[in-house]
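> prediction below, plus the sequence it came from.
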Amino acid sequence: MIEYDKFQKALKHLELQYENYKTIGTELPELMQEAVAESVIQRFETCYDCMWKVLKRYLQEELGIPEVPNSPKPIFRMANENNLFASSLEQWLSYADARIDTSHDYSGEKAEDALLLMADFIDDAIGLYQTMSGNTWE
C-alpha cells in the first residue's frame, strides 16, 4: 500500500508558505522577504522529491509497471504515457529542471525562476495527488 502522507504534508506546507510569500509584499525587511522566498524553494524541493518517489511507487504498485527508472524525468514520461498528468509533459519537465537548478545555483536567479513556476507546480501536484490517492484536496 502506498503511503501518501509525506507527499500530502510536504505539499500542504509548500502551499501555505507560498501563500505567505505572495502576501508579504514589501511590508517586511528585505532580509525577511528573502528568507520567506528561500523557505518556499526549500519546501518545493522537499515536495518535489516526495512527489516523484510516490509517483514511482504508484507506477509500480498500482499500474503494475515492472521496471520503473529511479530518476524523475523518465518517471514523468511514463506518468504522461499513462495519462496521470492534467498538464503537458513539458510543464513537468520544467519542474524537474527547476528542481535541479535550485540545487546547484546559488546566485538567486534560478530560485526566482522556480518561484515563477510555483503556482502551476502546486496546482499540478495537487491534481496528481488526487489522481493517485483518490482523495480530494483539503
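Thanks, I have it.
> elements contacting the longest helix along the chain?
Longest helix in the chain, counting residues (DSSP state H): helix 30-61. Counting contacts by 3 or more Cβ pairs under 8 Å, 6 or more residues apart in numbering; DSSP states H and E, helix 30-61 packs against helix 5-24, helix 72-81, helix 89-104, helix 109-133. No exception for glycine: its C-beta is placed from N, CA and C like everyone else's.
> give me the mean pLDDT for the longest one.
Going back to what we said before, that points to helix 109-133. Per-region confidence: helix 109-133 scores 93 on mean pLDDT.
> quick one: the helix-or-strand element of the chain with minimal mean pLDDT to chain centroid distance?
The helix or strand of the chain with the lowest confidence, counting by mean pLDDT, DSSP states H and E, is helix 89-104 at a mean of 91. Relative to its parent chain, helix 89-104 has a centroid offset of 9 Å by Cα atoms, centre = their mean, to the nearest Å.
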